[in-house]
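1. missing the sequence, but the structure's below:
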């Protein structure tokens with residue numbers, strides 16, 4: 001949805017919808033993940049398939065926007081409603097995937113984060129390719145973009161089914177039916193021999209510093225991406241001003257650097273669960289540099305591209321590592337790690353919401369919300 005920002009400018013001229021859409025998405029997401037975290041029994045298969053199905057339906061309706069005869073305000077309300085519904089579906093996926101991931105080796109979390117980064121990069125590359133195939137035809141390019149996105153969701157469903165059929169997934173499948181994945185949260189209100197209570201409050205007391213690192217890293221993510229990145233103006237590379245190509249390429253640069261950072265999380269550079277909060281210092285330095293690129297006429301396009309690359313790399317590396325090391329806190333039992341996965345989903349959603357609200361405030365302060 002965010003990668004099609006130029007299409008929204010055609011449908012809703014004079015509006016920069018990234019900020020309002022991000023807030024709607026993150027509010028719906030955090031309420032969904034928070035509600036799901038209170039469930040005593042987590043049916044992972046059901047949540048995952050519901051999540052993919054909900055995303056498919058929402059994107060299919062958005063695909064049909066070009067044929068809907070509605071006033072712009074009504075169409076904008078429909079878009080925000082679909083974004084909220086898509087957030088609910090994605091919230092089911094987030095909570096389920098992090099809980100599922102916690103049942104494999106710690107490397108699985110790193111691979112999950114790489115997969116998320118590849119998904120973000122793929123969406124931007126899809127958009128770049130469709131714009132190249134249909135130059136000057138934003139509606140046609142966007143239609144193809146969403147068709148490819150729908151096909152990608154079907155590939156994701158097939159990939160999940162293949163994962164569940166592999167021998168490595170045998171111990172996380174529900175033995176009674178063999179067709180659904182279930183996490184029974186039986187240890188939440190009692191101690192266990194592996195290391196204590198798996199109740200969320202008990203686990204939170206152990207991992208709260210790491211969860212704070214997760215929250216703050218995700219907050220920096222949506223503070224910067226996509227709204228501020230797409231607000232960086234093109235100053236010298238005038239050939240890229242048409243069709244918002246400069247901003248599109250900045251999104252591509254951010255996503256590419258992001259995935260590079262995710263691939264490098266195997267190299268810790270001295271970072272571990274005990275000092276992961278120090279990554280926030282690095283993220284905090286990048287933010288004012290990006291604001292300088294947006295507001296200062298003295299900022300060159302090359303400087304803007306460099307800052308976006310640094311922002312993307314730090315996002316992928318720091319954010320992913322924060323989620324990886326939280327499962328490496330010493331003394332956590334298997335049941336506690338499952339609970340930790342659900343807490344991480346809540347921390348991530350809370351951080352994304354805080355970041356979206358921060359981005360909206362920055363947009364208002366710098367006059368970016370009106371496009």
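-> Perfect, thanks for sending it. Since we're looking at a predicted model, the values are computed, not measured.

2. Residue 235 and residue 304, how far apart?
-> 8 Å (C-beta to C-beta, to the nearest Å). For every residue, glycine as well, the C-beta is placed using N, CA and C.

3. same thing with residue 228?
-> 11 Å.

4. before we move on, what about residue 57?
-> For residue 57 relative to residue 304 (C-beta to C-beta), the value is 37 Å.

5. So these two - more neighbours on which side?
-> residue 304 (25 against 16; other C-beta atoms under 10 Å).

6. Surely that one and residue 250 touch.
-> Yes. Between residue 304 and residue 250 a contact is recorded at 7.2 Å, counting by C-beta atoms under 8 Å.

7. Which neighbours do the two have in common?
-> Jointly contacting residue 304 and residue 250 under the rule C-beta atoms under 8 Å, 6 or more residues apart in numbering are residue 232.

8. tell me which residues in stretch 307-324 are buried?
-> Going by neighbour count (16 or more other C-beta atoms under 10 Å), the buried part of stretch 307-324 is 307-324.

9. how deep is residue 59 tucked in, by neighbour count?
-> Residues near residue 59, counting by other C-beta under 10 Å: 19.

10. same question, residue 306
-> 14.

11. what helix or strand is it on?
-> Under the criterion of DSSP states H and E, residue 306 resides in helix 301-325.

12. what's that helix packed up against?
-> helix 106-133, helix 200-224, helix 245-263, helix 279-295 (3 or more C-beta pairs under 8 Å, 6 or more residues apart in numbering; DSSP states H and E).

13. And the helix or strand just after it, how far out from the chain middle?
-> Proceeding N to C from helix 301-325, the next assigned helix or strand is helix 334-365, under DSSP H and E. Offset of helix 334-365 from its chain centre (C-alpha atoms, centre = their mean, to the nearest Å): 10 Å.

14. what angle do helix 334-365 and helix 279-295 make?
-> Helix 334-365 runs at 20 degrees relative to helix 279-295, counting by axes from the mean of the first three to the mean of the last three C-alpha atoms, to 10 degrees.

15. Now helix 334-365: buried residues?
-> 335-360, 362-363.

16. right, and residue 277 touches residue 213 too?
-> Yes. The criterion here is C-beta under 8 Å, and residue 277 meets it with residue 213 at 4.8 Å.

17. who has more neighbours, these two?
-> The neighbour comparison of residue 277 against residue 213 (other C-beta under 10 Å) goes to residue 213, with 27 against 15.

18. What is the burial count for residue 204?
-> 15.

19. got the contact list for the spatially closest residue to it that is not a sequence neighbour?
-> Of all residues beyond its chain neighbours, the one nearest residue 204 is residue 343 (6.2 Å), with distances taken as C-beta to C-beta, 6 or more residues apart in numbering. Going by C-beta under 8 Å, 6+ apart, residue 343 touches 37, 200, 203-204, 207, 211.

20. any idea how far residue 202 is from residue 343?
-> 11 Å.

21. How about residue 229?
-> 39 Å.

22. Now do the helices in the stretch 51-200 of the chain.
-> 72-101, 106-133, 138-165, 200-224 (DSSP state H, counting those that start in this stretch).

23. what angle do the second one and helix 138-165 make?
-> Between the direction of helix 106-133 and that of helix 138-165, the angle (the same axes, to 10 degrees) works out to 160 degrees.

24. Next: the first one.
-> With the same axes, to 10 degrees as the basis, helix 72-101 and helix 138-165 are set at 20 degrees to each other.

25. what angle do helix 72-101 and helix 301-325 make?
-> 40 degrees.

26. what's the answer for the second one, then?
-> Between the axes of helix 106-133 and helix 301-325, defined by the same axes, to 10 degrees, the angle is 150 degrees.

27. pLDDT (mean, whole number) over helix 106-133?
-> Mean pLDDT, computed over helix 106-133, is 81.

28. by contact count, what packs against it?
-> helix 72-101, helix 138-165, helix 245-263, helix 301-325.

29. swap in the first one?
-> Helix 72-101 makes packing contacts with helix 5-11, helix 17-37, strand 41-43, helix 44-63, helix 106-133, helix 334-365 when contacts are defined by 3+ C-beta pairs under 8 Å, 6+ apart.

30. got a markdown table for these, with distance to residue 153 too?
-> Below are these laid out as a markdown table (distance: least, C-beta to C-beta, whole Å):
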| stretch | distance to residue 153 |
| --- | --- |
| helix 5-11 | 19 |
| helix 17-37 | 17 |
| strand 41-43 | 20 |
| helix 44-63 | 5 |
| helix 106-133 | 10 |
| helix 334-365 | 20 |
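
31. mind checking which of the ones you listed is nearest residue 159?
-> Residue 159 sits nearest to helix 106-133 of all the helices and strands packed on helix 72-101, at 9.2 Å, using C-beta to C-beta.

32. Next, the buried residues of the closest one.
-> 108-110, 112-114, 116-118, 120-128, 130-131.
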